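> this one's sequence-less:
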């Protein structure tokens, strides 16, 4: 179990750990929904301390009702199984299942987050959580990005990993072309972009003409934390958009920029749908 904190073991066994009541609650809820729909299991095993079972009886009861193998363990055993300093009493073992890009695009998504070579698990998890909160339909991570099942990434999603499809390992240009064929406009978020996000948001709010319609189906492309997007990545996008900096900060970090961009599109799309 402890070895699943490393990528080789996760790849070999096809399993990862979801730790803590929030992540485990969402995993079990996703498992219940999946089994009701006749889909594959989301939770394979559940480990809980007696104290955690007392604090979160519904989580354990739902897992047991679905036939999930469940064990009561001591704090010491749970600590040996995980890589967190202070485990919160609940650990679920889940399959490392990801979505297929073609199947995701067949549903005609209106909002997608596309991460290119994002390496920091905390950043990737936070963007995935932000995409879920903004109502995005999917998250796509290109080849060379962090393993989405990294323990820090899983914790950073706060359960959102179980809420929306996540596609991994797709070459950037293949992902961009597929998104464009599905009807989505790919917008690259870059500090040197020719278009200003505030201007686009103002146009969407007033119905004024703009080079980019934020209410249309959109895939936001975010680059590596340190290097950003390369020339090829910017060129592949339909437009390059900058988040304006009104203060003295040099830039926004990846996760913050993603929140701003995704919510700008989500707000425009919600307004259009009214």
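It's in. For clarity, every value in this text was computed on a predicted model and none was experimentally measured.

> What are the neighbouring residues in contact with residue 66?
Remark: with contacts taken as C-beta atoms under 8 Å, 6 or more residues apart in numbering, residue 66 is in contact with 28, 31, 32, 35, 43. C-betas here are computed from N, CA, C, even on glycine.

> please redo it, this time with the cut-off set to 6 Å
Neighbour list for residue 66: 32, 35 [criterion: C-beta atoms under 6 Å, 6 or more residues apart in numbering].

> backbone phi and psi for it, please?
Here the main-chain torsion angles of residue 66 (degrees, to the nearest 10) amount to phi -90, psi 0.

> tell me the pLDDT at it?
Listed pLDDT for residue 66 reads 95.

> Could you do the one 4 residues further on as well?
Looking at residue 70, its pLDDT reads 97.

> Please tell me how far it sits from residue 164.
Going from residue 70 to residue 164 by C-beta to C-beta, to the nearest Å gives 26 Å.

> Please apply the same query to residue 156.
From residue 156 to residue 164 the distance is 15 Å (C-beta to C-beta).

> Next: residue 222.
16 Å.

> Between these two, which has more neighbouring residues?
Set side by side, residue 222 and residue 164 show more neighbours around residue 222, with 26 against 20, by other C-beta atoms under 10 Å.

> My read is that the more buried one contacts residue 260, right?
No: counting by C-beta atoms under 6 Å, residue 222 does not reach residue 260; the two are 11.1 Å apart.

> same question for the stretch of helix or strand residue 155 belongs to, mean pLDDT?
Using DSSP states H and E, residue 155 falls within helix 151-157. In this model, helix 151-157 carries a mean pLDDT of 95.

> Tell me the helices and strands packed up against that helix.
Helices and strands touching helix 151-157, by 3 or more C-beta pairs under 6 Å, 6 or more residues apart in numbering; DSSP states H and E, are helix 121-133.

> buried set for the helix it packs on?
For helix 121-133, the neighbour count (16 or more other C-beta atoms under 10 Å) marks 121, 123, 124, 125, 126, 127, 128, 129, 130, 131, 132 as buried.

> likewise stretch 65-76?
Here stretch 65-76 shows 66, 68, 70, 73 as buried, counting by 16+ other C-beta under 10 Å.

> do stretch 202-218 as well
203, 204, 212, 213, 214, 215, 217, 218.

> Can you tell me the centre-most residue of this structure?
Centroid-nearest residue in the chain, with C-alpha atoms, centre = their mean: residue 128, separated by 2.3 Å.

> what's near enough to touch that one?
139, 157, 160.

> what about the nearest residue to residue 88 once chain neighbours are set aside, how many neighbours?
Nearest residue to residue 88, sequence neighbours excluded (C-beta to C-beta, 6 or more residues apart in numbering): residue 20, at 4.3 Å. For residue 20, the count of nearby residues is 20 (other C-beta under 10 Å).

> Residue 251 too?
Other residues near residue 251 come to 11 when the count uses other C-beta under 10 Å.

> so residue 141 touches residue 115, yeah?
Yes: taking C-beta under 6 Å as the definition, residue 141 is a contact partner of residue 115 at 4.8 Å.

> re the thing from before, nearest to residue 172, of the buried residues of stretch 202-218?
Closest approach to residue 172 among these (C-beta to C-beta): residue 218, at 16.8 Å.
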